[in-house]
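> could you work out the structure for the sequence below:
(2 chains)
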Amino acid sequence: MSDQPILEMRDIKKSFGPVDVLKEVDFRAQAGQVTALVGDNGAGKSTLVKCISGTYAIDGGEYLYEGRPVVVHSPRDASALGIEIVYQDLALCDNLDIVQNMFLGRERVSGLVLDESSMEQAAEETLRSLSVRTVKSVRQRVASLSGGQRQTVAIAKAVLWNSNVVVLDEPTAALGVAQTAQVLSLVRRLADRGLAVVLISHNMTDVLQVADSIAVLYLGQMAAQVDRRDVNQQQLVELITTGRLEGSDIAGITKGAIA
Amino acid sequence: MTSLDDNGTDKPVAPGGASAVGTSPPATVPAPAGTSGTEDRLAAVATSLPVAHSARGYFNLYVQRVRGGEMGSLPAVGGLVGLVILFSAIQPTFRGLYNFGNMLTEGSGPVLLAMGLVFVLLLGEIDLSAGFAGGVCAAVMVRLMVGYNMAWPVSIGAALVTGIVIGLLIGFLRTKVRIPSFVVTLAFFLAFQGVALFIVNNGKGAHGDVRITDNVVLAFENSQMPKWAGWLLAAVLIAGYGYVKLSAQRARRRQGLLGEPTVVLAAKIGGVTVGLLLFVLLLNQNRNVNSTPVATNVNGTITFVRPPAVEGVPWVVLVLVGFFVLWTFVLSRTRYGRHVYAVGGNEEASRRAGIAVDRVRISVFVICSFMAAVGGIMIGSNVAAVSVQNYSGNTLLLAVGAAVIGGTSLFGGKGRVVDALIGGAVVEVIQNGMSNLVQGNNGSSVQYIVTGVVLMLAAAIDALSRRRAGATGLG
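Residues are numbered from 1 along each chain as shown, chains lettered A, B, ... in the order given. The predicted model follows:
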């Protein structure tokens, strides 16, 4: 893998009024890797994601995409760069089918008329390329899908647009064991396709199972961004709850433990 | 429904490596290759597009959807057939050809209103002011013609523009000021009644209304097309429907996608053909009830004159068909229509998908008020005058009732333009049948009660089928 991260946030600052939510946070995501973003409630995970997506403007710091500094003011800007966010409350319309949802807002038309068959074919191809075989028909209404299937559709929707970075916000939060495994294997396949996947999760087991690199936020600061191979579950929990690791010499800890 | 990836279950994913994933065989979506197993599996799925390999599979799919709570217009069609049979059996005047034409012209105004309301209902909104908005627009038209001697294109144009402005105003108050549409339109319901009264009182004649004297405006509801024009209309519609259906089928086949079974396709096109030809055939008969010559004084001599024949398709049918085709096309085939459904289904998802939600919301109010103007003009044409009572709350509720009875959901996200036609037919048959049935016997009271009960029934079916759809996972 190349050393240059496709997405890099440097010294990101974000405050709401007097509250500093992000204090000089560094974050990197490599193409072809799953980068987990973990942290306790209120650590700033969601804020960081919203800074990445352009929902929030950053107060300070640098936003680098493929090594170039970029300005992202809105989700549209992020999409234009090739960054797609899959939110926790899935952005799907129950009354539309899978194809209609995957192309929502970016429908293909020939002249005035929607090009249904070409969209249907592209949706099928995308799902096939992700080895998704859990949906029976791409013309199913999303309302009839299970939680795992809905997550799959939401992720496939992000992939459809040839995006390079996919941010997944708690994709397994509401899923059962089998469906979680299914979604995690899809997450893995995304990275294997060469995408940079950012996975936000509360679930340590999931993170350790699928991530290549783990970034730990602690009270608005990046406690560490470490290689998956360098930590075990106990160390990870310690990092999340205290922001530091007793007597550690892990190379990946960038800013050092918070004293 | 929740069948899982049998490869993916419980398979641990190795961190940092593709090994575990790499071992799972390359899987595919069940592509619509003509395997025998596909049909059965498809039959178990509720799809938005009715596609299947065989007529049997198609039928199974349909039954599946209905049982899952996705009944569409089925209850309305059933009710319509039942009501027509009932009223025909007990009432000779109901089943006459004259009454058929009469119901068509009488019901056209509310149906046009209902077409606009479908758009508003699709977003889960309501427009209570549509009736009186139509009244204001019709009053504008008639005042320009009567008071200011404007030509009919100018007057009708002004009425339509008035409708658009009203829609923009409602949309602005709903999206920018963020007043719930129920309140905005309730306020307008009251205010427009006053505005319409003001305009009409300004130039009313002896009857407390303004008579329409323009022949073109009167012709919509009171004149018939030449017979050949009726046949031509039917031919154009049949050809258009066939072309749309067949070209869609060809496009799907070309892409290797599953289409409708040929038998079903043929049945649909055949059904439309027979229905339209029968419709024109019936309307091209002379439906004037007085066909016996009457003694008339012509230039001082008494001669027997046969009353003029009433035959041909009423011109208003052209208006109905035109808007029906236009709005159906807009809703089902264009990007804008897709966005209307999307915003009705999940506003937040639509916003994230980059849809200009506010603009869509304003647009449906504009369409609704515009259609209210069209409907208002037709109602005026039907009674040859604009009088405010013809646009009262009853008119609006019947139009809302028409859309809901036809299968449009009050909860948003579900509905079609054809619902307005089918539901409108049900409402008109009830109104007409009941009024003839109970004439002189406190007629309107019974009429109101029955229509109210039917509306409540339709809303109950809507709510229950929605719950059922939620329970079975079929949207």
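> hey, where'd the strands end up in the stretch 51-200 of chain A?
Secondary structure of the stretch 51-200 of chain A (DSSP state E, counting those that start in this stretch): strands located at A:60-65, A:68-69, A:83-86, A:109-110, A:113-114, A:165-169, A:196-200.
> just say which of these is most tucked in.
strand A:196-200 (a mean of 26; mean count of other C-beta atoms under 10 Å in any protein chain shown). For every residue, glycine as well, the C-beta is placed using N, CA and C.
> quick one, that one and strand A:165-169 angle?
10 degrees (axes from the mean of the first three to the mean of the last three C-alpha atoms, to 10 degrees).
> which of the helices or strands spans B:Phe87?
helix B:74-90 (DSSP states H and E).
> that helix - contacts with which helices or strands?
helix B:92-95, helix B:393-406, helix B:417-437, helix B:443-472 (3 or more C-beta pairs under 8 Å, 6 or more residues apart in numbering or on different chains; DSSP states H and E).
> C-alpha coordinates for that helix, CSV please?
Taking Å, rounded to 0.1, in the frame of the first residue of the first chain, the C-alpha atoms of helix B:74-90 are listed here in CSV:
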residue,chain,number,x,y,z
LEU,B,74,-58.8,-2.8,-6.3
PRO,B,75,-61.3,-1.9,-3.6
ALA,B,76,-62.4,1.2,-5.6
VAL,B,77,-62.9,-0.8,-8.8
GLY,B,78,-64.8,-3.5,-6.9
GLY,B,79,-67.0,-0.8,-5.2
LEU,B,80,-67.6,0.9,-8.5
VAL,B,81,-68.9,-2.2,-10.2
GLY,B,82,-71.0,-3.1,-7.2
LEU,B,83,-72.5,0.4,-7.0
VAL,B,84,-73.3,0.6,-10.7
ILE,B,85,-75.0,-2.8,-10.5
LEU,B,86,-77.0,-1.8,-7.4
PHE,B,87,-78.2,1.6,-8.7
SER,B,88,-78.9,0.2,-12.2
ALA,B,89,-81.1,-2.5,-10.7
ILE,B,90,-83.2,-0.3,-8.5
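> and the contacts of that helix?
With contact meaning C-beta atoms under 8 Å, 6 or more residues apart in numbering or on different chains, helix B:74-90 is reached by B:66, B:94-95, B:405-407, B:419, B:422-423, B:425-426, B:429-430, B:432-433, B:436-437, B:454, B:458, B:461.
> any chance of a PyMOL selection covering the buried ones in those residues?
In PyMOL syntax, the buried subset of these is picked out as below (16 or more other C-beta atoms under 10 Å in any protein chain shown):
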select buried, chain B and resi 94+405+406+407+419+422+423+425+426+429+430+432+433+436+437+454+458+461
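> just the CA trace of the helix or strand where B:Arg351 lies, in CSV.
Take DSSP H and E as the rule and B:Arg351 turns out to sit in helix B:347-352. The C-alpha trace of helix B:347-352 is given here as CSV (Å, rounded to 0.1, in the frame of the first residue of the first chain):
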residue,chain,number,x,y,z
GLU,B,347,-37.8,13.6,3.2
GLU,B,348,-34.4,13.3,4.9
ALA,B,349,-33.2,10.6,2.5
SER,B,350,-34.3,12.8,-0.4
ARG,B,351,-32.5,15.8,1.0
ARG,B,352,-29.3,13.8,1.4
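> is stretch A:53-65 anywhere near chain B?
No - if you take C-beta under 8 Å from any C-beta of the partner chain as the test, stretch A:53-65 misses chain B, and the best it gets is 9.6 Å.
> kindly check the end-to-end length of that stretch for me.
Stretch A:53-65 has its terminal residues 12 Å apart, counting by C-alpha to C-alpha, to the nearest Å.
> hang on, the earlier thing: any idea which of the helices and strands packed on helix B:74-90 is most buried?
Note that of those, helix B:393-406 is the most buried (mean count of other C-beta under 10 Å), with a mean of 26.
> show me what it is packed up against.
Using 3+ C-beta pairs under 8 Å, 6+ apart, helix B:393-406 sits against helix B:74-90, helix B:97-122, helix B:130-146, helix B:417-437, helix B:443-472.
> packing partners for the longest helix along chain A?
In chain A, assigned by DSSP state H, the helix with the most residues is helix A:177-192. Using 3+ C-beta pairs under 8 Å, 6+ apart as the contact test, the elements touching helix A:177-192 are strand A:34-39, helix A:147-160, strand A:196-200, helix A:204-210, helix B:19-23.
> and it, how far out from the chain's middle?
Relative to the centre of its chain, helix A:177-192 is centred 13 Å away, using C-alpha atoms, centre = their mean, to the nearest Å.
> so for it, mean pLDDT?
Computed over helix A:177-192, the mean pLDDT rounds to 88.
> report the buried residues of that helix.
Neighbour-count burial for helix A:177-192, counted by 16+ other C-beta under 10 Å, picks out A:178-192.
> list the buried residues in stretch B:405-414.
So for stretch B:405-414, counting by 16+ other C-beta under 10 Å, buried means B:405-410, B:412-414.
> just the closest of the residues you listed to chain A, please.
For the buried residues of stretch B:405-414, the minimum distance to chain A (C-beta to the nearest C-beta) is 3.8 Å, reached by B:Gly413.
> A:Gly39 and A:Thr242: what is the separation?
12 Å (C-beta to C-beta, to the nearest Å).
> those two: which is more packed in?
A:Gly39 (25 against 13; other C-beta atoms under 10 Å in any protein chain shown).
> grab the nearest non-local neighbour of the more buried one.
Among residues not flanking A:Gly39 along the chain, A:Leu217 sits closest, at 3.4 Å (C-beta to C-beta, 6 or more residues apart in numbering or on different chains).
> quick one: residues contacting that neighbour.
A:25, A:37-39, A:43-45, A:48, A:223.
> and if we set it to 6 Å?
Applying C-beta atoms under 6 Å, 6 or more residues apart in numbering or on different chains, we find A:Leu217 in contact with A:39, A:43-45.
> narrow these to those in helices?
Using DSSP H, the members of these that fall in helices are A:Lys45.
> can you list the contacts of A:Leu217 in a markdown table and add distance to B:Val280 and pLDDT?
Shown next, in a markdown table, are the contacts of A:Leu217 (distance: C-beta to C-beta, whole Å; pLDDT from 0 to 100):
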| residue | distance to B:Val280 | pLDDT |
| --- | --- | --- |
| A:Gly39 | 71 | 88 |
| A:Ala43 | 72 | 86 |
| A:Gly44 | 70 | 86 |
| A:Lys45 | 66 | 88 |
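> what two of the contacts of A:Leu217 are the furthest from one another?
Greatest spacing in the contacts of A:Leu217, by C-beta to C-beta: A:Gly39 and A:Gly44 (6.8 Å).
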